[in-house]
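S.K.: Okay, here's the prediction I keep looking at, along with the sequence it came from:
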2 protein chains.
Amino acid sequence: MTVAPAAVSSARFSAQIRSQALQTRIMELILERGLDVGDALPTESELSAELGVGRNTVRESLKVLQALGVIEIRHGFGMFVAPNNFSALVSGLTFRGRLSLRHKGEEAMELIDVRQALESGLIGSAIDLLTADHLADLRSTMQAMQDAAAKGEPLAEHDAEFHRRLYAPLNNELLINLMDVFWQVYRQIHEALGSGPVNLEEQVQIHWDIYEAVDGRDKALASERLQRHFDGIRLKLKDVAAS
Amino acid sequence: MTVAPAAVSSARFSAQIRSQALQTRIMELILERGLDVGDALPTESELSAELGVGRNTVRESLKVLQALGVIEIRHGFGMFVAPNNFSALVSGLTFRGRLSLRHKGEEAMELIDVRQALESGLIGSAIDLLTADHLADLRSTMQAMQDAAAKGEPLAEHDAEFHRRLYAPLNNELLINLMDVFWQVYRQIHEALGSGPVNLEEQVQIHWDIYEAVDGRDKALASERLQRHFDGIRLKLKDVAAS
DNA sequence: GGAAGGAGAAAGGACGTCCCATCTCCTGTA
DNA sequence: TACAGGAGATGGGACGTCCTTTCTCCTTCC
């Protein structure tokens, strides 16, 4: 027998709201004082005094704000308004993904779906805005990836860099960060499962194929090859999850 | 007094790494014990003892995990593995958006861009999977929106519901959550700026147009109308930011 | 005069303790 | 049988204390 939903939500109202209210107050304090990225916040003691709550309480809120990428805490120095940073999402999403893998791995698959939709959906716009410089960057990344593969080194970082640069023309930090988060979550889930043997040459070839399509400004082909790239990733994930 | 040797060896790393390591340890504890969504975690005191850290320290990590949507804390009852929930991201992203509006509002615009890319890019796949039931849900949402507009009530909730149901056929919780986050952030930024007068009838008409395109299974038209919907949102945001 | 190094201050990190707030569950009484 | 209230458990919060890290500035030596 479950409790009435209304009872639960009202019960949690006061408890949940208070801690979030404190976080909001700190954020509004930043906005009101006109603090910008890199500026220092008041010290923990000052905040504790100004907001009328204990230092431990304010610290809990500050840790949350740090986790949300709002502030940056430097031990022994102070706290500062942080530059855009989504890395905090990674751990939470990774946990979600690993949790779901105990069932049917649905959430992990959903993550790939979102990545696929974002990337294959946006490649057209990216190609529209692509300049020679962007293409050169992309090519040098591919070269580095190929070199790494030849030495038998892991491609992970080059892979991430490739996808990052692919969408650099869109000039959208948020998008890049979001894609990066998804990429890292996929990688961590994969590692947590114990990645099987990977075919480095095949990986490189897949990315070269995408590069060629982009180089030729063939939006449909690029989209299709990205789509297939993700189909492969999905299969691999399903494979590992089954074992 | 000696705890696990592993805990001591990481002492040389920065404090930021250590607090994140504690969060990771708690998440792995959940995974190792096979806890699932809704299951109870050990109490704060138990965690404090098991992990060999003080209760206040463990509380800071728990608050972060709560903010990341990993656990749910119910005062006086206990802590539980939370169902998927991204609502915590909203406040962080909203802060980012408001901060950016003091300059040129770039980050807020990027947020709209990502939403636009996601929605207009995925509407095709959604239409492919659309069933009569989904369409009926969508229609009833539209009806509710129209009724609200007739009474002069705010459309916000109906608007959110419309977009949520539009992509329900994809059966991707992560995507729905993500879109919801973006929607809420946009709304909060808009409210923080002080929304100007809104034309309710026009809002309803725009959504009816999208509904019609979806009803007719015209992917291109639906995508184009969504695109224009977001162009309108973008203009409105720019307008308000300029004032 | 300039660079290297150490002392001190300032800030965050960690912990322990105490008490309060709120929830659930059980008991007792009408 | 049903409802009210209390007991116990659990999270919430506030101090106070001491440790660790980092920066800054001053001293010292070359």
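M.R.: Nice, thanks for sending it over.
S.K.: low-confidence ranges in chain A?
M.R.: Applying pLDDT under 70 to chain A picks out residues A:1-15, A:195-196, A:241, A:243.
S.K.: can you list the residues of it near DNA strand D?
M.R.: A:15, A:18-19, A:52-57, A:60, A:74-77 (CB under 7 Å from any atom of the strand). C-beta here means a position set from N, CA and C on the backbone, and glycine is covered the same way.
S.K.: if we go to 10 Å?
M.R.: Listed as neighbours of DNA strand D in chain A under the rule CB under 10 Å from any atom of the strand: A:12, A:14-22, A:44-45, A:48-49, A:51-61, A:74-78.
S.K.: How about the secondary structure of the residue of chain A found nearest DNA strand D?
M.R.: The minimum distance from chain A to DNA strand D, using CB to the nearest atom of the strand, falls at A:Gly76 (2.2 Å). With DSSP: H, G, I helix; E, B strand; the rest coil as the basis, A:Gly76 sits in coil.
S.K.: Need phi/psi at the residue nearest in space to the middle of chain A.
M.R.: Nearest to the geometric centre of chain A sits A:Val181, at 1.2 Å (CA atoms, centre = their mean). Main-chain torsions, A:Val181, degrees, to the nearest 10: phi -60, psi -50.
S.K.: same for DNA strand C: which of the residues of chain A next to DNA strand D are within range?
M.R.: Okay, of those touching DNA strand C (CB under 10 Å from any atom of the strand), that's A:12, A:14-16, A:18, A:44-45, A:48, A:54-56, A:58-59, A:74-78.
S.K.: Correct me if wrong, but A:Val114 is in a helix.
M.R.: Yes - assessed by three-state DSSP, A:Val114 belongs to a helix.
S.K.: any idea how chain A splits into domains?
M.R.: Residue ranges for the domains of chain A, per automatic domain parsing: A:5-81, A:87-242.
S.K.: now the strands for chain A?
M.R.: A:71-74, A:78-81 (DSSP state E).
S.K.: CA atoms of the first one as CSV?
M.R.: Output of strand A:71-74 as CSV, limited to C-alpha atoms (Å, rounded to 0.1, in the frame of the first residue of the first chain):
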residue,chain,number,x,y,z
ILE,A,71,31.0,28.0,-7.8
GLU,A,72,34.6,26.8,-7.6
ILE,A,73,36.1,26.1,-4.2
ARG,A,74,39.8,26.4,-3.7
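S.K.: Quick one: list the elements packing against that strand.
M.R.: Packing partners of strand A:71-74 (3 or more CB pairs under 8 Å, 6 or more residues apart in numbering or on different chains; DSSP states H and E): helix A:55-67, strand A:78-81.
S.K.: switch the cut-off to 6 Å
M.R.: Contacts defined by 3 or more CB pairs under 6 Å, 6 or more residues apart in numbering or on different chains; DSSP states H and E place strand A:71-74 against strand A:78-81.
S.K.: What of the last one?
M.R.: In terms of contact count using 3+ CB pairs under 6 Å, 6+ apart, strand A:78-81 is assigned the packing partners strand A:71-74.
S.K.: ok, back up a step: any quick ChimeraX command for the buried ones out of the residues of chain A next to DNA strand D?
M.R.: In ChimeraX, a selection of the buried entries from the residues of chain A next to DNA strand D looks like this (16 or more other CB atoms under 10 Å in any protein chain shown):
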select /A:16,19,20,22,44,48,51,53,57,58,59,60,61
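S.K.: distance between stretch A:202-220 and the chain's centre?
M.R.: 23 Å (CA atoms, centre = their mean, to the nearest Å).
S.K.: so, in contact with chain B or not, that stretch?
M.R.: No - against chain B, stretch A:202-220 shows no contacts by CB under 6 Å from any CB of the partner chain, the least distance being 12.7 Å.
S.K.: Only the buried residues of that stretch, if you could.
M.R.: A:Gln203, A:Val204, A:Ile206, A:His207, A:Asp209, A:Ile210, A:Tyr211, A:Ala213, A:Val214, A:Lys219.
S.K.: what's the answer for stretch A:146-160, then?
M.R.: A:Gln146, A:Ala148, A:Ala149, A:Leu155, A:Ala156, A:His158, A:Asp159, A:Ala160.
S.K.: swap in stretch A:89-107?
M.R.: A:89-101, A:105, A:107.
S.K.: if I look at the residue nearest to A:Thr131 when sequence neighbours are not counted, how far off is chain B?
M.R.: Using CB to CB, 6 or more residues apart in numbering or on different chains and skipping the chain neighbours, the partner closest in space to A:Thr131 is A:Pro169 (6.9 Å). For A:Pro169, the distance to chain B equals 13 Å [CB to the nearest CB, to the nearest Å].
S.K.: if I pick the residue nearest to the centre of chain A, what's in contact with it?
M.R.: A:Phe86, A:Leu89, A:Val90 (CB atoms under 6 Å, 6 or more residues apart in numbering or on different chains).
S.K.: Alright, calling it a day.
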